[in-house]
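> A structural model of the following input is requested.
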Amino acid sequence: MQALLALSRAIDRLNAFVGKYSIWLIFAATLISAANAIVRKAFDASSNAFLEVQWYLFAWSFLLAAGYTLLHREHVRIDVINSRLSKNKQVWIDIIGFALFLTPLCITILWLSMPVVIQMYQSGEVSGNSGGLIRWPVWAAIPVGITLLMLQGLSELVKRIAFLTGDGPDPMGKLSDKSAEEELAEALRAEAEIKQAQAAAAQAAARQA
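Below is the predicted model of the structure:
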């Protein structure tokens with residue numbers, strides 16, 4: 001189990017890293033959109049390539065962040081039902097979902113998408129729009145993103161089994177991207193603010209006395 005937990009931590013670090021930096025793809029898409037709008041308004045010129053690269057970047061950011069979203073448990077849940085169940089029942093529902101639904105679905109998508117990506121790469125298929133881009137880079141986002149999602153599903157499955165066997169902590173709480181040093185600094189800052197408030201209250205009470 002400890003080896004599986006070590007693998008789970010490695011997958012968590014991978015998706016945390018990918019998710020943290022995939023936001024730059026959104027930033028790039030925003031810049032391109034703004035530049036395209038300025039050029040179109042100022043010079044009455046544009047290109048379908050500008051439009052297509054925006055949704056290429058969005059597709060990559062959306063799919064790359066799928067594993068990161070699962071890591072932070074921000075995916076859609078039926079909380080109105082799930083929250084009424086005991087912790088063990090919630091964990092068992094997740095185990096069944098990851099093992100019988102998420103993983104087979106990811107394998108199916110990979111099985112169907114990989115031949116398409118390979119075929120597009122070999123043929124060099126280009127968008128049918130005038131001035132459009134080659135297609136395989138955006139299609140490649142599917143197997144990459146789904147692989148990250150499937151790996152995170154494996155990590156979450158391991159964490160829940162470890163919890164049931166008593167080898168791991170509660171996997172259902174919220175995560176934080178802050179380092180231990182950042183969390184300590186925030187705790188010290190909060191403690192200092194409490195002490196300042198207490199000192200101010202004591203001074204006010206002394207003046208009134």
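
> Okay, now the unreliable bits of this protein?
For the chain, the stretches with pLDDT under 70 are 78-79, 173-188, 209.

> how does it divide into domains?
2-177, 180-209 (automatic domain parsing).

> Tell me which residue is most central in this structure.
Centroid-nearest residue in the chain: Tyr68, 2.3 Å away (criterion: CA atoms, centre = their mean).

> So which of the domains of the chain is the most surrounded?
domain 2-177 (a mean of 15; mean count of other CB atoms under 10 Å). For the C-beta atoms, the positions are set from N, CA and C on the backbone; glycine is no exception.

> Give me the distance from it to the chain's centre.
Centroid displacement of domain 2-177 relative to its chain, using CA atoms, centre = their mean, to the nearest Å, is 6 Å.

> helices or strands up against the longest helix belonging to the chain?
Longest helix in the chain, counting residues (DSSP state H): helix 2-43. Here helix 2-43 touches helix 48-71, helix 141-164, going by 3 or more CB pairs under 8 Å, 6 or more residues apart in numbering; DSSP states H and E.

> between those helices, which gets nearest to Ile95?
Between Ile95 and the helices and strands packed on helix 2-43, the tightest spacing by CB to CB is seen for helix 141-164, at 5.2 Å.

> Kindly export the closest one (C-alpha atoms) in CSV.
The C-alpha trace of helix 141-164 is given here as CSV (Å, rounded to 0.1, in the frame of the first residue of the first chain):
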residue,chain,number,x,y,z
ALA,A,141,-5.1,17.4,-26.4
ILE,A,142,-7.7,14.6,-26.0
PRO,A,143,-5.3,11.7,-25.2
VAL,A,144,-3.0,13.9,-23.2
GLY,A,145,-5.8,15.3,-21.0
ILE,A,146,-7.6,12.0,-20.7
THR,A,147,-4.4,10.3,-19.6
LEU,A,148,-3.9,12.9,-16.9
LEU,A,149,-7.5,12.4,-15.8
MET,A,150,-7.2,8.6,-15.7
LEU,A,151,-4.0,8.8,-13.7
GLN,A,152,-5.7,11.1,-11.2
GLY,A,153,-8.6,8.7,-11.0
LEU,A,154,-6.1,6.0,-10.1
SER,A,155,-4.5,8.3,-7.4
GLU,A,156,-7.9,9.0,-5.9
LEU,A,157,-8.9,5.4,-5.9
VAL,A,158,-5.6,4.5,-4.0
LYS,A,159,-6.3,7.2,-1.5
ARG,A,160,-9.8,6.0,-0.8
ILE,A,161,-8.7,2.4,-0.4
ALA,A,162,-5.9,3.5,1.9
PHE,A,163,-8.5,5.4,4.0
LEU,A,164,-10.7,2.4,4.4
